[in-house]
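Asks: here is a sequence with its predicted model. Questions after.
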Amino acid sequence: MQNEIALDKIRLRTFPDPILRKRSGEVEVTQQVKEAVKRMAGIMYANNGIGLAAPQIGVNLRMFLVDTGDGLIEFINPTIVPLKSRMTKMEEGCLSVPGVGVEVRRIDKIKVSACDSSGRPFVREFSGLKARAIQHENDHLDGKLIIDYLNPLSRIVVEGKFRRGGKKQKKTCEVACYDGEGRTRRS
Ligand code: NI
């Protein structure tokens, strides 16, 4: 398994870029992968996101980052198992679908197996906003976007606006925004 990453083509991708709809492949951690992760973190923080997935920067590999205010967590080749818990609803944003907020129902607690960019494996449980952000980012690895959670009619309307280029590139954030002081906000 070899990952070829065009580092010079790394930039934030927005719908309807076809890269966002592809299923991403397993990652073999290389120097190039580490460099891509570093750039992904830079783009995430520059845009006040609490997460970012590799397809969003044009890299179809199974990896994403999450930082809800208490430090960066790298997820490479993640596997998510839902834990017995309640479903919660929250309006989510996405840097790849600017200006759109979609209420998404997700499970509150999950167990994740993954490794970090040094290739160290870990298994951890997450709940609340972190669990939500992880599920949102993991959707990106399967080509799924928040607009897929809209009812069919709203989805046609929103997608149509993007395809016609009529949707204003309003400032947005990933899942929710991070203000650098441990609080999250939407802007
Ligand atoms: Ni997103």
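Replies: Looks like it arrived, so ask away.
Asks: SS state for the spatially most central residue of the chain?
Replies: A centroid search over the chain (C-alpha atoms, centre = their mean) returns Glu137, at 2.9 Å, as the residue closest to the centre. Here Glu137 is helix, with the state taken from DSSP: H, G, I helix; E, B strand; the rest coil.
Asks: kindly provide the distance from the nearest residue to it once chain neighbours are set aside to Pro152.
Replies: Leaving out its chain neighbours, the residue that sits closest to Glu137 by C-beta to C-beta, 6 or more residues apart in numbering is Phe64, at 3.7 Å. Every residue, glycine included, has its C-beta placed from N, CA and C. The gap separating Phe64 from Pro152 is 27 Å, by C-beta to C-beta, to the nearest Å.
Asks: those two: who's more crowded?
Replies: Phe64 (30 against 7; other C-beta atoms under 10 Å).
Asks: quick one: that one is in a helix?
Replies: No - Phe64 is assigned strand when assessed by three-state DSSP, not a helix.
Asks: surely it and Gly49 touch.
Replies: No - between Phe64 and Gly49 there is no contact under C-beta atoms under 8 Å: 10.6 Å.
Asks: rewinding a little: quick check: beta-bridge partners of the residue nearest to Glu137?
Replies: Ala53, Phe75 (DSSP bridges).
Asks: what sits against it?
Replies: Each residue near Phe64 by C-beta atoms under 8 Å, 6 or more residues apart in numbering is listed here: 40, 51-54, 75, 78, 134, 137-138, 140-141.
Asks: got JSON lines for those residues, with distance to Gly165 and pLDDT too?
Replies: Compiled in JSON lines, those are given as follows (distance: C-beta to C-beta, whole Å; pLDDT from 0 to 100):
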{"residue": "Met40", "distance to Gly165": "26", "pLDDT": "97"}
{"residue": "Gly51", "distance to Gly165": "26", "pLDDT": "97"}
{"residue": "Leu52", "distance to Gly165": "24", "pLDDT": "98"}
{"residue": "Ala53", "distance to Gly165": "24", "pLDDT": "98"}
{"residue": "Ala54", "distance to Gly165": "25", "pLDDT": "98"}
{"residue": "Phe75", "distance to Gly165": "33", "pLDDT": "98"}
{"residue": "Pro78", "distance to Gly165": "34", "pLDDT": "98"}
{"residue": "Ile134", "distance to Gly165": "32", "pLDDT": "98"}
{"residue": "Glu137", "distance to Gly165": "26", "pLDDT": "98"}
{"residue": "Asn138", "distance to Gly165": "29", "pLDDT": "98"}
{"residue": "His140", "distance to Gly165": "22", "pLDDT": "98"}
{"residue": "Leu141", "distance to Gly165": "27", "pLDDT": "98"}
